[in-house]
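K.L.:
quick check, what structure comes out for this input:
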Amino acid sequence: MKHTFAFLFVLSVSLFFTGCKDKSVQLASDCYETALQAYESGDYVLALSLIDSIRVKYPTVIDVRRSALALQQKIDVAEQTRSIAFEDSLLAQARKTLESVLPKYKFEKDEEYQDMGNYVIPSQNAENNLSRSYIRAQVDEKGRLVLISTYAGKQFIHHKSIRIGDGNVFQESGLSDDCYEYKDLGVCYEKCNIHMNEDPDIVSFIAMNSDNDKLVLTFVGAERNVQVPITSADRKSIASLYELSQLLLFIDEHQRILDESKRRLQFVTSKMSLE
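P.N.:
Numbers count the residues shown, from 1 in each chain. I've put the predicted structure just below:
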């Protein structure tokens, strides 16, 4: 009698776990079928969410997990393919715009000493503005903009930052560690390079106020400040270079996205071919 009871107990437990296993297989299969339908309809977010559920909730249903992994790879391929097509189209339009605006700028590069050249507005070149206190800009091939504050006077003021304002509102740069001074024919010259990645607000402030005739440049010196008006030509030149900077940065960023999508697609397709 005891042996019969033990046998029935083991049998019932076995049937219980078999039933649980069958139920897990069914639930996992249903989840996979729903994920497959989401993939076929282009809802990759839902499909990936369901695949994650299969991985977490049904770790022992190996066959379904294997199918879910294969589906995940298909989704990855589809996403990267779609991303590549989108980025290609976006970059083609951006480069067409760039080609149309580049004639406005002069490209300067010393092949011997520079790895990267700069775009400038010819009227702002240093040789065209001797002994003038003013602010100009240049943009490198990656879109990185630099403001260059140039002070010329009878005495050094040792400025390392600038302030731009119209009497009501103003924007001040941080202290630059890229400054130098020299004296030539009795004139004291100071130049500070203010990089847009360090002080983006001051550049955009000038660009947004390019039509403001009251805009003034203040050289913030160690002991005294010097103010000069910012000419209309300088304001518009900086605003134009700021727009060029934004376009080049956009192209550089989306080229990185495109390259990454291509690398990812190559990786996934290579992995799929080995399985």
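
K.L.:
what about residue 23, how many residues nearby?
P.N.:
10 (other Cβ atoms under 10 Å). Using the backbone N, CA and C atoms, a C-beta is placed for each residue, glycine as well.

K.L.:
so what's residue 165 up against?
P.N.:
Neighbouring residues of residue 165 by Cβ atoms under 8 Å, 6 or more residues apart in numbering: 171, 215-216, 218.

K.L.:
try it again with 10 Å
P.N.:
By Cβ atoms under 10 Å, 6 or more residues apart in numbering, the contact list for residue 165 reads 171-172, 205, 209, 212, 214-218, 227.

K.L.:
pLDDT wise, what is residue 201 at?
P.N.:
pLDDT recorded at residue 201 is 90.

K.L.:
on that earlier part again, just the contacts of residue 165: which are in helices?
P.N.:
residue 205 (DSSP state H).

K.L.:
could the contacts of residue 165 go into CSV alongside pLDDT?
P.N.:
As requested, the contacts of residue 165 are exported to CSV (pLDDT from 0 to 100):
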residue, pLDDT
171, 94
172, 93
205, 94
209, 94
212, 95
214, 95
215, 96
216, 96
217, 97
218, 97
227, 96
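
K.L.:
which among the contacts of residue 165 count as buried?
P.N.:
Buried members of those, counted by 16 or more other Cβ atoms under 10 Å: 171, 205, 209, 212, 215, 217-218.

K.L.:
from the residues you listed, which is closest to residue 109?
P.N.:
Nearest to residue 109 among the buried ones among the contacts of residue 165: residue 217, at 27.7 Å, using Cβ to Cβ.

K.L.:
pretty sure the closest one sits against residue 134.
P.N.:
Yes: using Cβ atoms under 10 Å as the test, residue 217 is close enough to residue 134 to be in contact (7.2 Å).

K.L.:
pull up the overlap in contacts between the two.
P.N.:
149, 151, 228-231, 234.

K.L.:
put the buried members of those residues into a ChimeraX selection.
P.N.:
Those of those that count as buried under 16+ other Cβ under 10 Å are selected in ChimeraX with:
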select :149,151,228,230,231,234
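
K.L.:
measure the residue nearest to residue 97 when sequence neighbours are not counted to residue 57 for me?
P.N.:
Distances taken as Cβ to Cβ, 6 or more residues apart in numbering place residue 247 nearest to residue 97, at 6.5 Å, with adjacent residues excluded. Remark: distance between residue 247 and residue 57 (Cβ to Cβ, to the nearest Å) = 48 Å.

K.L.:
what's the answer for residue 102, then?
P.N.:
56 Å.

K.L.:
more neighbours, residue 247 and residue 57?
P.N.:
Neighbour comparison, residue 247 and residue 57: the larger count goes to residue 247, with 18 against 12 (by other Cβ under 10 Å).

K.L.:
let me see the contact set for the more buried one.
P.N.:
Here residue 247 is in contact with 94-95, 97-98, 101-102, 139, 143 (Cβ under 10 Å, 6+ apart).

K.L.:
narrow the residues you listed to those in strands?
P.N.:
residue 139 (DSSP state E).

K.L.:
farthest pair in the contacts of residue 247?
P.N.:
Taking Cβ to Cβ, no two of these sit farther apart than 95 and 139, at 16.1 Å.

K.L.:
more crowded one of these two?
P.N.:
residue 139 (26 against 13).

K.L.:
was I right to think that one contacts residue 106?
P.N.:
No: using Cβ under 10 Å as the test, residue 139 is too far from residue 106 to be in contact (11.3 Å).

K.L.:
which neighbours do these two have in common?
P.N.:
118-121.

K.L.:
between these, which is closest to residue 76?
P.N.:
For those, the nearest to residue 76 is residue 119 (38.4 Å; Cβ to Cβ).

K.L.:
ok but that closest one is inside a helix, no?
P.N.:
No: Residue 119 is assigned strand when assessed by DSSP: H, G, I helix; E, B strand; the rest coil, not a helix.
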